[in-house]
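In: Here's a sequence, model it:
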Amino acid sequence: MSNHKDKKIKIIKNGPYIVFGSIPLSEKIIVTDKEGHTREWVEGKDYQIKDTYSLCRCGESKNKPFCDGTHTKIDFDGTETASLQPYNERARIYEGNNLKLTDVWEYCDHSRFCLRAGGIRNLIQSDDPEDEKTAIEEATICPSGRLVLWNKKTGEMMEPKFEPSIVLIHDPQKNCEGPIWVRGCIPVESADGDIYELRNRMTLCRCGKSDNKPFCDGSHWMTPEEKEKFRKKWAKKD
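Out: Numbers count the residues shown, from 1 in each chain. All right, here's what the predicted structure looks like:
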């Protein structure tokens, strides 16, 4: 049996993600509420645990989620462009009454959990305990880890507890497959051998179209025009 030290995701140059260490693989499905806001997850398929397996990164495998070598036939360009700078050094900070929100927009996978009830930035400004509860729900359910809430009194980071695991996201509202949700501080090693910052949650691209590889940027459902509009909106705040 493997232990936590054996667990790793290795990115192959212009190829797949190789997963080591018998990391559990499953599917979760995004659920929306009556207003159309993404709100929660339901369980999908569980895959048989294997010591090592390869996940498609180009988006064109005929054996998804697993790699079938198609990347070699389509000249897939998997060049990694994401920053190696730690999250806290890049994060914007939004101060609320009892909560502090940190935000690195480049990690956004556009699962849209932060938009319910007026949006998380408004919710942390409220004195209503229910609004604070909703803000915590929205931040901690965000798969990408773009948004992190902190208790201002204790300085504690408010994070869900995850064992090392990988989840394939299905997004019925957008009628598409979402990113690969990596949970529980699994090391992700770049094709060049660098290790991305260990984080409790992150989302990796599996459509092959992200401009922030290896991380998801919403390209699985967003048009190039929508992505550019989003990029410009947040770039103005730098």
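In: Name the residues of the helix-or-strand element of the chain with minimal mean pLDDT that are buried.
Out: Within the chain, no helix or strand scores below helix 224-235, which has a mean of 82 by mean pLDDT, DSSP states H and E. Going by neighbour count (16 or more other Cβ atoms under 10 Å), the buried part of helix 224-235 is 227, 230. (C-beta placed from N, C-alpha, C; glycine too.)
In: Give me the contacts around that helix.
Out: 105, 108, 211, 217-219, 222 (Cβ atoms under 8 Å, 6 or more residues apart in numbering).
In: any low-confidence regions in the chain?
Out: Per-residue confidence of the chain (counting by pLDDT under 70) places the weak regions at 1-4, 236-238.
In: For it, just list every one of the helices.
Out: Here the chain has its helices, by DSSP state H, at 87-90, 120-123, 129-141, 224-235.
In: Let me know which of these is the nearest to Thr72.
Out: Comparing these against Thr72 with Cβ to Cβ, the closest turns out to be helix 224-235 (25.7 Å).
In: Please save the CA atoms from that closest one in CSV.
Out: What follows is helix 224-235 as a C-alpha-only set of coordinates in CSV (Å, rounded to 0.1, in the frame of the first residue of the first chain):
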residue,chain,number,x,y,z
PRO,A,224,-12.5,33.2,-26.1
GLU,A,225,-14.4,36.4,-26.0
GLU,A,226,-15.8,35.6,-22.6
LYS,A,227,-12.4,34.7,-21.3
GLU,A,228,-10.9,37.9,-22.5
LYS,A,229,-13.6,40.0,-20.9
PHE,A,230,-13.0,38.2,-17.6
ARG,A,231,-9.2,38.6,-17.9
LYS,A,232,-9.5,42.4,-18.6
LYS,A,233,-12.0,42.8,-15.7
TRP,A,234,-9.5,41.4,-13.1
ALA,A,235,-6.4,42.8,-14.7
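In: Can you tell me, leaving aside adjacent residues, what's nearest to His71?
Out: Cys58 (4.1 Å; Cβ to Cβ, 6 or more residues apart in numbering).
In: follow-up on the earlier one: list only buried entries from the contacts of helix 224-235.
Out: Buried positions within the contacts of helix 224-235, assessed by neighbour count (16+ other Cβ under 10 Å), are 105, 108, 211, 217-219, 222.
In: dump the residue contacts of the residue of the chain positioned farthest from its centre.
Out: Here the centre of the chain is the reference, and by Cα atoms, centre = their mean the most remote residue is Asp127, at 29.6 Å. For Asp127, the contacting residues are Asn97, by Cβ under 8 Å, 6+ apart.
In: Next, count neighbours for the nearest residue to Leu101 once chain neighbours are set aside.
Out: Once its chain neighbours are removed from consideration, Leu101 has its nearest residue in Tyr94; the separation is 4.2 Å (Cβ to Cβ, 6+ apart). Neighbours of Tyr94 under the rule other Cβ atoms under 10 Å: 16.
In: I'd say Tyr94 and Gly119 touch.
Out: No. Here Tyr94 does not reach Gly119: they are 10.9 Å apart, not a contact under Cβ atoms under 8 Å.
In: Do a quick rundown of the strands in the protein.
Out: 8-11, 17-20, 25-32, 38-46, 52-55, 92-95, 99-103, 147-151, 157-158, 165-171, 176-183, 188-189, 201-204 (DSSP state E).
In: Adding distance to Leu123, write those strands out as a markdown table.
Out: Supplementary listing: the strands of the chain in a markdown table, determined by distance: least, Cβ to Cβ, whole Å:
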| stretch | distance to Leu123 |
| --- | --- |
| strand 8-11 | 33 |
| strand 17-20 | 34 |
| strand 25-32 | 18 |
| strand 38-46 | 14 |
| strand 52-55 | 35 |
| strand 92-95 | 11 |
| strand 99-103 | 9 |
| strand 147-151 | 10 |
| strand 157-158 | 13 |
| strand 165-171 | 23 |
| strand 176-183 | 23 |
| strand 188-189 | 31 |
| strand 201-204 | 20 |
